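J.: this one's sequence-less:
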């Protein structure tokens, strides 16, 4: 069997049904083998979009997303998507063509050192130099991508290997002596954690993306209810705990809720599940949960004690460990936390997320609230990066896991639209919206052609303020309103959509918002909606970079 | 503080690059790095001497190394009994006090004169870390023409 066919057959063995990508000289044999395979191929208009689409597919389903590109520029264009997936622990296999083995290192046409380029932005990578290694490499790549802390794995495959012949024998099992993730919590650590929980009068749980990746939302709910601890969910953890639950604190950190940040600052025990204490969450480290003992549950040992000092580390899968904890905690031994919960509830009442209504143009928060109301929280919200992302995190309420897809770690503008395409393809029954800014939508706007070509019913909501809004906000607050490089002269988005065969609508008035959203949601195919929002609206509350998280500006009542 | 770490790794293409790029990407300082195949041809041993400012940095270095897929085990020799060696080849000028210094070193340390040339001695020294300072101090007085060394290797007792 030819190498290209071996690769396709291996992908089928791994259950791959969808691939996003872009062909080129070094992957022509692969595309030939793909032609009549039972795998759906989606041609994006840029390789970066293919990698984000595979990422969106993976985040929604929990399965491994697959993308493919040719050597050289094809591969380097995939890299931003690979790095995005890496920072947010998204299972992905990226296949890149490579120049033929005899030319590697000769600066051949469309040659790039792909394993070198992707080394620090992928979980692992391979250059397949012998056809015998191809099938085992695919097996290993999928295993590594989806186990432990998931991540992207790159397979760089020279074009000559794709046309060589070999026997196809897909390995049933693999045994990597050097890679054995820990899934269950160490019993001693579980006991130590329970001892702390039994003493805590002011506990808070902080849930991160690991809760979603481990499919641990059910276990988290049971655990939180048992110990009656309020739960704050990081940007990556949104939906891991129902935000309408009485114990829910919403998001912590730079643009988190005041009450989540106050609760973290005053708690005596912080239980972290699948959260890696990013600087956007912690703010100034020495003022983060200063009086608290910290229990840190994480499948990746390097996440533990990297940023904050931890009292009880528990390495393992969030689902198993939250289950172990819930089971072993003796209800009788738990201290009374009602005074603490009362205090937290009073903060929630006193400092709700809010915004000033009225103004010359539409308020973006109102658009998000209205989308939430009309979709009843059931839509999959995908975001770009910047103000749009923060408003989407704040003003849409997430009750379900895997319903908020966003580039949290790398903060990749241009992520949202292609990721929404991947998500919609993964589950066409879901209403999928890309909440975008007028800046970030233009980073992958060429994909309008893709959604038109395949009739992918993604709804693009542009919150158009004619600025690169988040940077403009920092310039307003910290740089004396010197708007350097941030004003945007935009194309006519509605005409642009029309030129690509996508329905476009423009909404300029408050009074039109409700009906516009209704018709956008009702449309079967893709829609681009250009909402003209208040130009200098800010995301509040806000913790200035490097400040303590209880020192928030804006939104303090 | 200096720490000696041993990583047993899969003897595969690109592993050294992974380790080197891990250290550079995360800003860790490598003082020396020695790589060689072990008695098992599928396994290489890397001995890495790092300069870690505190325990947490050292801890992260070990964990990050362990996280690499091709790294099989990581051993920190800091609180263990081990012996370490570093092979130095040094050309020492004969002029002045050269002969005296070289004789002194050869007598006192695991060192020998590998070659004697017209103007210099070629010394081969297989020293332990605590001996190094004294050796180099003495030889510098005589005058060093050239020095090459392997990087430290270590083995647990």
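T.: Nice, I can see it. All of these numbers come straight from a predicted model, not from anything done at the bench.
J.: which SSE is immediately downstream of the helix or strand of chain A with the lowest mean pLDDT?
T.: One helix or strand of chain A scores below all others by mean pLDDT, DSSP states H and E: helix A:279-282, with a mean of 94. Per DSSP states H and E, the first helix or strand lying C-terminal to helix A:279-282 is strand A:293-298.
J.: does that following strand come close to chain B?
T.: No: for a cut-off given as Cβ under 8 Å from any Cβ of the partner chain, strand A:293-298 has no contacts with chain B; the smallest distance is 11.1 Å. All C-beta spots, glycine's among them, are computed from the backbone N, C-alpha and C.
J.: who does that strand pair up with?
T.: If you go by DSSP bridges, strand A:293-298 pairs up with strand A:269-273 (parallel), strand A:312-315 (parallel).
J.: next, format the ones you listed as TSV and append mean neighbour count.
T.: Formatted as TSV, those follow (neighbours: other Cβ atoms under 10 Å in any protein chain shown):
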stretch	mean neighbour count
strand A:269-273	29
strand A:312-315	23
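J.: need the ones you listed in a markdown table (columns: mean pLDDT).
T.: Listed next are those as a markdown table, based on pLDDT from 0 to 100:
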| stretch | mean pLDDT |
| --- | --- |
| strand A:269-273 | 98 |
| strand A:312-315 | 98 |
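J.: so in chain B, where's the weakest helix or strand by average pLDDT?
T.: Least confident element among the helices and strands of chain B, by mean pLDDT, DSSP H and E: helix B:129-142 (a mean of 88).
J.: got any ranges where chain A has weak pLDDT?
T.: Applying pLDDT under 70 to chain A flags residues A:555-557.
J.: for it, what lies in contact range of chain B?
T.: Neighbours of chain B within chain A, by Cβ under 8 Å from any Cβ: A:115-116, A:119-120, A:123-124, A:127, A:129, A:144, A:176-179, A:300-302, A:305-306, A:309.
J.: buried subset of these as a ChimeraX selection?
T.: To isolate the buried ones among these in ChimeraX, judged by 16 or more other Cβ atoms under 10 Å in any protein chain shown, type:
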select /A:115,119,123,124,127,129,144,179,300,301,302,305,306
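J.: among the residues of chain A next to chain B, which lie within strands?
T.: A:124, A:127 (DSSP state E).
J.: got a list of contacts for the strand ranked longest in chain B?
T.: Taking DSSP E as the assignment, the strand of chain B that covers the most residues is strand B:82-93. For strand B:82-93, contacts defined as Cβ atoms under 8 Å, 6 or more residues apart in numbering or on different chains pick out B:4, B:32, B:47, B:77, B:98, B:101-102, B:114, B:119-129, B:132, B:135, B:139, B:142-157.
J.: please redo it, this time with the cut-off set to 6 Å
T.: By Cβ atoms under 6 Å, 6 or more residues apart in numbering or on different chains, the residues outside strand B:82-93 that reach it are B:98, B:102, B:120-126, B:139, B:142-143, B:145-150, B:152-154, B:156-157.
J.: quick one on the thing from earlier: any chance of the strands paired with strand A:293-298 in TSV, plus distance to residue A:65?
T.: TSV is the format used below for the strands paired with strand A:293-298 (distance: least, Cβ to Cβ, whole Å):
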stretch	distance to residue A:65
strand A:269-273	24
strand A:312-315	26
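J.: out of these, the one nearest residue A:399 is which?
T.: strand A:269-273 (18.0 Å; Cβ to Cβ).
J.: domains of the chain?
T.: Picking chain A for this. Under the assignment automatic domain parsing, the domains of chain A span A:3-163, A:187-350, A:364-532.
J.: ah, I was thinking of chain B
T.: B:2-76, B:84-156.
J.: tabulate the ones you listed (a markdown table), appending mean neighbour count.
T.: Formatted as a markdown table, the domains of chain B follow (neighbours: other Cβ under 10 Å):
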| stretch | mean neighbour count |
| --- | --- |
| domain B:2-76 | 17 |
| domain B:84-156 | 16 |
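J.: relative to residue A:251, which of the ones you listed is closest?
T.: Closest approach to residue A:251 among the domains of chain B is made by domain B:2-76 (26.9 Å; Cβ to Cβ).
J.: measure that closest one end to end?
T.: Criterion Cα to Cα, to the nearest Å; first-to-last residue distance in domain B:2-76 is 11 Å.
J.: what are the buried residues along the helix or strand hosting residue A:477?
T.: Counting by DSSP H and E, the element that carries residue A:477 is helix A:469-478. Buried residues in helix A:469-478, counted by 16+ other Cβ under 10 Å: A:469, A:470, A:471, A:472, A:473, A:475, A:476.
J.: just stretch A:69-89 next, same as before
T.: Residues of stretch A:69-89 classed as buried by neighbour count (16+ other Cβ under 10 Å): A:69-72, A:74-89.
J.: which ones among those map onto strands?
T.: Judged by DSSP E, the buried residues of stretch A:69-89 include residue A:69 as members of strands.
J.: which of the buried residues of stretch A:69-89 fall within helices?
T.: A:74-87 (DSSP state H).
J.: can you list those in CSV and add distance to residue A:65?
T.: Shown next, in CSV, are those (distance: Cβ to Cβ, whole Å):
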residue, distance to residue A:65
A:74, 17
A:75, 17
A:76, 19
A:77, 16
A:78, 12
A:79, 15
A:80, 15
A:81, 9
A:82, 11
A:83, 14
A:84, 11
A:85, 8
A:86, 13
A:87, 15
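J.: and the two most separated of those?
T.: For these, with distances taken as Cβ to Cβ, the pair at the greatest spread is A:74 and A:87 (21.8 Å).
J.: please enumerate the helices of chain B.
T.: Here chain B has its helices, by DSSP H, at B:15-25, B:55-67, B:98-108, B:129-142.
J.: chain center to the longest one, what's the gap?
T.: Read that as helix B:129-142. Computed by Cα atoms, centre = their mean, to the nearest Å, the chain-centroid distance of helix B:129-142 equals 15 Å.
J.: and if you look at the first one?
T.: On the basis of Cα atoms, centre = their mean, helix B:15-25 is displaced by 18 Å from the centre of the chain it belongs to.
J.: repeat that for stretch A:54-61.
T.: 9 Å.
J.: and for it, what's in contact with it?
T.: Taking contacts as Cβ under 6 Å, 6+ apart, the residues outside stretch A:54-61 that touch it are A:20, A:65-67, A:85, A:90-92, A:402, A:405, A:419, A:422-423, A:426-427.
J.: just the buried members of those?
T.: A:20, A:65-67, A:85, A:90-92, A:402, A:405, A:419, A:422-423, A:426.
J.: dump these into CSV; add secondary structure as well.
T.: Formatted as CSV, the buried ones among the contacts of stretch A:54-61 follow (DSSP: H, G, I helix; E, B strand; the rest coil):
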residue, secondary structure
A:20, strand
A:65, strand
A:66, strand
A:67, strand
A:85, helix
A:90, coil
A:91, coil
A:92, strand
A:402, coil
A:405, strand
A:419, helix
A:422, helix
A:423, helix
A:426, helix
